[in-house]
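In: Could you work out the structure for the sequence below:
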Amino acid sequence: LYKNKPVGVLHREDITGIKNVEKEKKYIDISNTVLRKIIDCFPNILVILDKNQNIIYYNKQALNILHKRQPCIKGKKFEWVFGNLFGKNHKEFLLRCPANRVIETWSPVNDMEIKTIKGHTYVVNYYPIVHQKSLKYIVINMRDITHKKTRENDIHTAYEELSRAFRLMLPSTKIEKLLKAIPEYRDHFDHNTGLVKIIEIIPDGTYRHVINCLKIASELQEKGIFNMPGVDRNTIVQALTTHDTGKKQPQLNVGDIIDPKTCFTEGKVHAMESAKIISKFPFISSDVINLVQFHHHAENELPDDFPARLLPMLRLLKLIDGLSAGLTRKNSKLSSVVEGSKIIVLEKNSHPHYNGIK
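Out: Residues are numbered from 1 along each chain as shown. Modelled structure (predicted):
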């Protein structure tokens, strides 16, 4: 208006939405910058491919494994960049790489272990990203588990060495066969119901249990327990190696939920059976037979003719047997202190009845 007379038309437009988009774009830019910095802090390697397996994103750890200082892998084929790392050439790597399978099936591939040519071990996961019924990206996550695999191999080697030494100690190959034929079960205890769920089967579990018994006995020996009056090392070792020869186990499967109080044979029964078996061997002393026969009895349940001089060894046998059971079946953690004739044990066990100091 000019002097109250119209002189033209001015169009007015609401630009709130445009401002919001600009703000959103600014937020997204900031978000992506921060997100990249966050992802670069992760110890895992992250690589994102498009559906043609070209690299479109990677974090700092991806460059570190390739020993590249400059970000020069964007847009390149995944197998060309990583092929020489995990194989003699990219063609060999391509034969093992499941990226094609992920593209075809839109299904992830998880926990695939792969070794570099320098001997490092990685666990690799491939995840398809599907949007609006179309495969957009493949996210590859790699984690270095070399230290873990080395530790597992060391443990396996130590177990094999101990097993070979143990076989030399056994008075009879028949005892070895008996022990290896008896399985043990790892389980998860339900605090509310008192039931357990079988999570792993150990086919030669009783054999491993006896080896763990001897490991615990060896540790206690270093702390002086076998210097205690009334404890004979040879008798204890023979009792430990033969105390479960007559054990009978039910046939269970992973996933079974059972009541351990009713499913497994009572300890006194298999103790008696074990004593019967080893009594047939002429090299087993009567002291060992007594210890094996009554190693599941409370002291007030022992017969009147049980030799009182065997009580220190019976207590030691029962302690080692119980600790080894937790070690074998529950992966419990143990630490102990010997103070004269007293043994103080701290057991970290998932089962509340066995967890704590004893």
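In: List of residues touching the helix or strand hosting E273?
Out: Under the criterion of DSSP states H and E, E273 resides in helix 267-278. With Cβ atoms under 8 Å, 6 or more residues apart in numbering as the test, helix 267-278 has contacts from 175, 178, 242-248, 284, 288-290, 292-297. For glycine as for every other residue, the C-beta is placed from the backbone atoms N, C-alpha and C.
In: Repeat that for stretch 284-297.
Out: Here stretch 284-297 has contacts from 171, 232, 235, 238-239, 242-243, 266-268, 270-272, 274-275, 278-279, 302-303, 306-307, 310, 313-314, 317-318, 321, using Cβ under 8 Å, 6+ apart.
In: Filter those down to the buried ones, PyMOL style.
Out: In PyMOL, this line selects whichever of the contacts of stretch 284-297 come out buried by 16 or more other Cβ atoms under 10 Å:
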select buried, resi 232+235+238+239+242+243+270+271+274+275+278+302+306+310+313+314+317+318+321
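In: Just the strands from the stretch 1-150 of the chain, written as ranges.
Out: 45-50, 55-58, 109-115, 121-131, 134-144 (DSSP state E, counting those that start in this stretch).
In: which one is G75 nearest to, not counting chain neighbours?
Out: Distances taken as Cβ to Cβ, 6 or more residues apart in numbering place N54 nearest to G75, at 5.8 Å, with adjacent residues excluded.
In: right, and the one you found touches K77 too?
Out: Yes - at 6.2 Å, N54 counts as touching K77 under the criterion of Cβ atoms under 8 Å.
In: what touches both of the two?
Out: Counting by Cβ under 8 Å, 6+ apart, N54 and K77 have no common neighbour.
In: Quick check: L314 vs T235, distance?
Out: Counting by Cβ to Cβ, to the nearest Å, the separation of L314 from T235 is 11 Å.
In: I343 contacts S336, correct?
Out: Yes - here I343 lies in contact with S336, judged by Cβ under 8 Å, at a distance of 6.0 Å.
In: any common contacting residues for these two?
Out: Common neighbours of I343 and S336 (Cβ under 8 Å, 6+ apart) are L220.
In: shaky segments in the stretch 1-150 of the chain?
Out: Across the stretch 1-150 of the chain, the ranges flagged by pLDDT under 70 are 1-32, 68-71, 89-90.
In: So which residues of it form helices?
Out: Under the criterion DSSP state H, counting those that start in this stretch, the stretch 1-150 of the chain contains helices at 16-41, 60-66, 78-86, 90-96, 99-105, 146-169.
In: picking that back up, among the contacts of helix 267-278, which are in helices?
Out: 175, 178, 242, 288-290, 292-293 (DSSP state H).
In: can you redo those residues as TSV with distance to T193 and pLDDT?
Out: Converted to TSV, the ones in helices among the contacts of helix 267-278 look like this (distance: Cβ to Cβ, whole Å; pLDDT from 0 to 100):
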residue	distance to T193	pLDDT
I175	37	82
L178	34	86
T242	35	91
V288	39	95
I289	39	95
N290	38	96
V292	33	96
Q293	34	96
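In: and the gap between E200 and M142?
Out: If you go by Cβ to Cβ, the gap between E200 and M142 works out to 27 Å.
In: What helix or strand is A325 located in?
Out: Assigned by DSSP H and E, A325 falls in helix 311-330.
In: The helix or strand following that helix packs against which elements?
Out: From helix 311-330 onward toward the C-terminus, using DSSP H and E, the following helix or strand is strand 333-339. Packed against strand 333-339 by the contact rule (3 or more Cβ pairs under 8 Å, 6 or more residues apart in numbering; DSSP states H and E) you find helix 205-222, helix 311-330, strand 342-348.
In: pull the CA atoms of stretch 230-247 into CSV?
Out: C-alpha atoms of stretch 230-247 as CSV (Å, rounded to 0.1, in the frame of the first residue of the first chain):
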residue,chain,number,x,y,z
GLY,A,230,48.0,-88.9,58.9
VAL,A,231,48.1,-87.9,55.2
ASP,A,232,49.9,-90.3,52.8
ARG,A,233,50.4,-88.9,49.4
ASN,A,234,50.4,-92.2,47.5
THR,A,235,47.2,-93.3,49.2
ILE,A,236,45.5,-90.0,48.4
VAL,A,237,46.6,-90.2,44.8
GLN,A,238,45.4,-93.7,44.3
ALA,A,239,42.0,-92.9,46.0
LEU,A,240,41.6,-89.8,43.7
THR,A,241,42.4,-91.8,40.5
THR,A,242,39.9,-94.6,41.4
HIS,A,243,37.1,-93.0,43.5
ASP,A,244,34.6,-92.8,40.5
THR,A,245,35.4,-95.9,38.6
GLY,A,246,31.9,-97.3,39.4
LYS,A,247,30.0,-94.2,38.6
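In: what's around P43, how many residues?
Out: 7 (other Cβ atoms under 10 Å).
In: brain fart, V338
Out: Neighbours of V338 (other Cβ under 10 Å): 18.
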